[in-house]
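[1] curious how this folds, go ahead:
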Amino acid sequence: MCSPHAPYHAWGHIMLDSWHDMANFTQMINSQFIRRELLLVSIAFVFLAANYIGLLVVAERPWYDIAPLFVWLACAVFGWWILQWWLPYHDPYLYTCAMLLSGWGIVLIDRLLPNFAQRQITWMILGVIVLSLICLLPSDLRWLRRYRYTWLLGGLALLAFTIILGVNPSGVGPRLWLGVDEYFFQPSEFLKVFLVVFLASYMADHQEVYHDQYMMGSLPSWRFLTPIFVMWSLCMVLLIWQRDLGAAAIFFLVFLLMLYVASGQALLLMGGVMLLLLGGIVGYFTFDVVALRVNIWLDPWQDADNTSFQIVQSLLAIAEGGILGRGIGQGIPTFIPVVHTDFTYAAIAEEWGSIGALGVLSVLLIIVSRGLKIAMALKHRPFHAYVALGVSVVLAVQTLMIVGGTLGFIPLTGVTLPFVSYGGSSLVTNFVIIALLLKLSSLEAD
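    Numbering: from 1, shown residues only. Below you'll find the model as predicted:
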């Protein structure tokens with residue numbers, strides 16, 4: 001005869017077995033992520049090692065010059081270890097893609113300007129450290145949302161400080177950097193993240209208002225738009241004052257796209273595009289640098305030996321690369337002035353060919369698409385969704401601007417290719433963006 005408590009004991013065993021099955025399933029999923037990330041890091045290491053060895057052979061450099069590769073490997077493993085311990089349920093593609101691009105950038109800079117490679121390695125180490133520290137912070141990002149005005153005003157203060165004491169490491173041109181000794185940083189790079197956080201926080205707070213006005217078919221009222229217009233205008237005024245027109249264009253487009261997503265109003269998007277065109281026309285007749293870049297874009301061959309020399313050499317390098325490229329160290333991308341910052345994409349196209357150029361874009365596309373996927377998955381958490389959207393749009397817009405300028409589709413803007421171009425503040429900022437996406441992807445898994 002069965003005990004009256006038997007059903008309860010059976011139910012307890014079923015629950016216990018289900019719990020163990022769930023734990024085993026979770027462990028299996030996590031181990032799959034671990035193996036996937038290790039595989040991706042290994043593939044990236046093999047790719048970078050092959051290129052570094054090829055560079056040393058072609059340039060007839062000593063074998064100890066391969067040391068940066070193992071510094072990269074140490075950083076990659078350290079960051080991966082931090083993620084496994086402190087953020088086990090994160091997107092497995094974001095970190096590996098970022099490390100692949102940053103390693104590729106170090107190889108490229110070591111090939112173009114070997115003296116600058118050590119600085120870029122230092123900035124990469126700092127970027128991985130910053131990423132690791134952000135991963136240790138609370139995943140709800142309350143520390144960002146609560147102090148949105150503090151972050152943004154701090155960034156604006158740094159930008160204003162640059163107007164007074166800013167320098168240019170090359171000695172000529174706009175003074176957009178602050179720094180000590182041989183290390184400089186560009187405040188406008190960090191301001192991109194601060195502006196996204198501010199916009200995300202403000203738009204999330206007024207999500208219901210935007211939604212109600214969208215359902216009624218009316219535009220958002222000025223009562224809610226004025227604060228973000230004021231903050232955005234301060235950024236734009238300071239950037240234009242500094243003649244940092246590339247960063248100003250990125251700020252405008254990111255602001256416009258985030259406002260469109262929040263409001264759902266196509267009229268705002270169309271009006272913003274018209275304002276952008278109007279601003280371009282005014283800038284053409286107001287700033288010599290804008291007029292010069294537009295004229296070069298319209299006809300780069302009219303003064304190919306002088307004002308158009310940079311873009312002409314870029315186009316020739318891309319054409320010379322063909323499909324497979326000339327091979328690392330076997331092209332002449334150094335004929336392009338400032339190739340390590342503004343024209344790294346042309347250098348990649350010449351020595352790695354169209355396959356390499358499309359490869360870089362594909363990796364960046366993976367990062368952006370994963371960021372947008374995270375934003376969609378977190379739509380029930382407006383602030384987090386807007387942050388994921390904003391930082392993904394920053395990377396997408398910056399990539400399109402630099403690639404479009406290099407290929408001659410749009411006028412040159414002077415921005416850098418994310419993770420690849422030389423530039424410490426840009427590299428660290430991009431790692432901050434990856435860290436935020438990693439934190440948000442862990443929320444998606446909850």
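
[2] list the buried residues for stretch 259-271?
    Judged by neighbour count using 16 or more other C-beta atoms under 10 Å, the buried positions of stretch 259-271 are Leu259, Tyr260, Val261, Ala262, Ser263, Gln265, Leu268, Leu269. Where you see a C-beta, it was placed from the backbone N, CA and C, and this is true even at glycine.

[3] per-residue confidence averaged over that stretch?
    The predicted model gives stretch 259-271 an average pLDDT of 78.

[4] ditto for stretch 380-398
    Summarised as a single mean, pLDDT over stretch 380-398 is 93.

[5] now stretch 229-244
    In this model, stretch 229-244 has an average pLDDT of 68.

[6] where does pLDDT dip in the stretch 1-150 of the chain?
    Screening the stretch 1-150 of the chain residue by residue with the criterion pLDDT under 70, one finds the ranges 1-33.

[7] of the buried residues of stretch 259-271, which belong to helices?
    Judged by DSSP state H, the buried residues of stretch 259-271 include Leu259, Tyr260, Val261, Ala262, Ser263, Leu268, Leu269 as members of helices.

[8] just give me the closest of the residues you listed to Ala117.
    Distance ranking of those against Ala117, using C-beta to C-beta, places Val261 first at 39.3 Å.

[9] so who does the closest one touch?
    Val261 sits next to Tyr386, Leu389 when contact means C-beta atoms under 8 Å, 6 or more residues apart in numbering.

[10] circling back to that earlier point, how about JSON lines for the buried residues of stretch 259-271, with distance to Leu427 added?
    Putting the buried residues of stretch 259-271 into JSON lines (distance: C-beta to C-beta, whole Å) gives the following:
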{"residue": "Leu259", "distance to Leu427": "28"}
{"residue": "Tyr260", "distance to Leu427": "29"}
{"residue": "Val261", "distance to Leu427": "27"}
{"residue": "Ala262", "distance to Leu427": "30"}
{"residue": "Ser263", "distance to Leu427": "33"}
{"residue": "Gln265", "distance to Leu427": "36"}
{"residue": "Leu268", "distance to Leu427": "33"}
{"residue": "Leu269", "distance to Leu427": "31"}
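
[11] pick out the most distant pair among the residues you listed.
    Farthest-apart pair in the buried residues of stretch 259-271 is Ala262 and Leu269; separation 11.4 Å (C-beta to C-beta).

[12] tell me where the stretch 151-300 of the chain has strands.
    Here the stretch 151-300 of the chain has its strands, by DSSP state E, counting those that start in this stretch, at 178-180, 183-185.

[13] tell me which strands and helices the strand or helix carrying Val387 is in contact with?
    With elements taken from DSSP states H and E, the one containing Val387 is helix 382-407. The criterion is 3 or more C-beta pairs under 8 Å, 6 or more residues apart in numbering; DSSP states H and E, and the helices and strands that helix 382-407 contacts are helix 187-205, helix 245-263, helix 309-321, helix 344-351, helix 353-377, helix 424-445.

[14] closest one to Phe70 among these?
    Ranking the helices and strands packed on helix 382-407 by proximity to Phe70 (C-beta to C-beta) places helix 424-445 first, at 19.0 Å.

[15] gap between the closest one and the chain center?
    Using C-alpha atoms, centre = their mean, to the nearest Å, we find the averaged C-alpha position of helix 424-445 to lie 9 Å away from the chain's own average C-alpha position.

[16] mind listing what's buried in it?
    Neighbour counts over helix 424-445 (16+ other C-beta under 10 Å) mark 424-444 as buried.

[17] about what we covered before: what's the closest of the buried residues of stretch 259-271 to Arg145?
    Relative to Arg145, the closest of those is Ala262; by C-beta to C-beta it sits at 15.5 Å.

[18] circling back to that earlier point, buried deepest among the helices and strands packed on helix 382-407, which one?
    For the helices and strands packed on helix 382-407, ranked by mean neighbour count under the definition mean count of other C-beta atoms under 10 Å, the leader is helix 344-351 at a mean of 28.

[19] mean confidence for it?
    Here helix 344-351 scores 94 as its mean pLDDT.

[20] so that helix versus helix 382-407, what angle?
    Using axes from the mean of the first three to the mean of the last three C-alpha atoms, to 10 degrees, the interaxial angle of helix 344-351 with respect to helix 382-407 works out to 60 degrees.

[21] list the contacts of helix 344-351.
    Contacts to helix 344-351, defined as C-beta under 8 Å, 6+ apart, come from residues 105, 108, 111-112, 313-315, 317-318, 320-321, 325-333, 336, 339-340, 356-357, 360, 402-403, 406, 416-417, 420-422.

[22] ok, now stretch 135-144?
    Outside of stretch 135-144, the residues within contact range by C-beta under 8 Å, 6+ apart are 82-83, 86-87, 151, 197, 201, 383-384, 387, 435-436, 438-440, 442-443.

[23] buried residues, it. List them.
    Of all the residues in stretch 135-144, those buried under the rule 16+ other C-beta under 10 Å are Cys135, Ser139, Leu141, Leu144.

[24] identify the residues contacting Arg193.
    Not Arg; residue 193 is Val. Remark: with contacts taken as C-beta under 8 Å, 6+ apart, Val193 is in contact with Val391, Val394, Thr429, Val432, Ile433, Leu436.

[25] and the pLDDT at it?
    The predicted local confidence for Val193 comes out at a pLDDT of 90.

[26] what secondary structure does Pro68 sit in?
    The local conformation at Pro68, judged by DSSP: H, G, I helix; E, B strand; the rest coil, is helix.

[27] where does Gln330 land in three-state SS?
    coil.

[28] and it, how many residues sit next to it?
    A count of neighbours around Gln330, defined by other C-beta atoms under 10 Å, yields 13.

[29] and for it, nearest residue in space, chain neighbours not counted?
    Val58 (6.1 Å; C-beta to C-beta, 6 or more residues apart in numbering).

[30] would you agree the one you found is in contact with Gly331?
    No - applying C-beta atoms under 8 Å as the test, Val58 and Gly331 come out as separate, 10.4 Å apart.
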